[in-house]
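Engineer: Here is the input, now give the coordinates:
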Amino acid sequence: MLKPLGERVLVRPLEAEETSAGGIILPEAAQERPREGEVIAVGTGEMDEDGEPMGLSVEEGDIVIYASFGGTEVTIDGEDYLIISEEDILAVRED
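Structural biologist: The predicted model follows:
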């Protein structure tokens, strides 16, 4: 697996909706890009004045909402992931 560096987060995007609110099946090209995903790994975050990592505000297992076109797509063992900056994470979903 990958270990993100600095303020970056490795996210597994959740599946896009395949049907519209009215029940119409959407072709793949018309589906919205997923904006929600599960945090798989996190970097160490910024360093403080003493050179110690301060950590991030998300942790492994969190379900996050992120900016639509943020991040870099990577494929590991046939599975798609995004490496995104913590600043591109808009919210953590709490159920």
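Engineer: remind me which residues of the protein are low pLDDT?
Structural biologist: Filtered on pLDDT under 70, the chain yields the residue ranges 16-34.
Engineer: does the residue nearest the centre of the chain count as helix, strand or coil?
Structural biologist: Nearest to the geometric centre of the chain sits residue 11, at 3.4 Å (CA atoms, centre = their mean). Of the three states, residue 11 takes strand under DSSP: H, G, I helix; E, B strand; the rest coil.
Engineer: In this structure it contacts residue 85, no?
Structural biologist: No - applying CB atoms under 8 Å, one finds residue 11 not in contact with residue 85, separated by 10.9 Å. In short, each C-beta sits where N, CA and C put it, glycine included.
Engineer: what residues are up against residue 53?
Structural biologist: By CB atoms under 8 Å, 6 or more residues apart in numbering, residue 53 lies in contact with 44, 45, 46, 47.
Engineer: try 10 Å
Structural biologist: The contact partners of residue 53, taken as CB atoms under 10 Å, 6 or more residues apart in numbering, are 6, 43, 44, 45, 46, 47.
Engineer: Pipe those residues into TSV and attach distance to residue 54 and neighbour count per row.
Structural biologist: Formatted as TSV, the contacts of residue 53 follow (distance: CB to CB, whole Å; neighbours: other CB atoms under 10 Å):
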residue	distance to residue 54	neighbour count
6	11	13
43	11	19
44	8	16
45	5	16
46	5	13
47	7	11
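Engineer: okay, and the common contacts of residue 11 and residue 85?
Structural biologist: By CB under 10 Å, 6+ apart, the residues touching both residue 11 and residue 85 are 4, 66, 70, 71.
Engineer: Of those, just say which sits nearest to residue 91.
Structural biologist: For the shared contacts of residue 11 and residue 85, the residue nearest residue 91 by CB to CB is residue 66; the value is 8.7 Å.
Engineer: Done for today, thanks.
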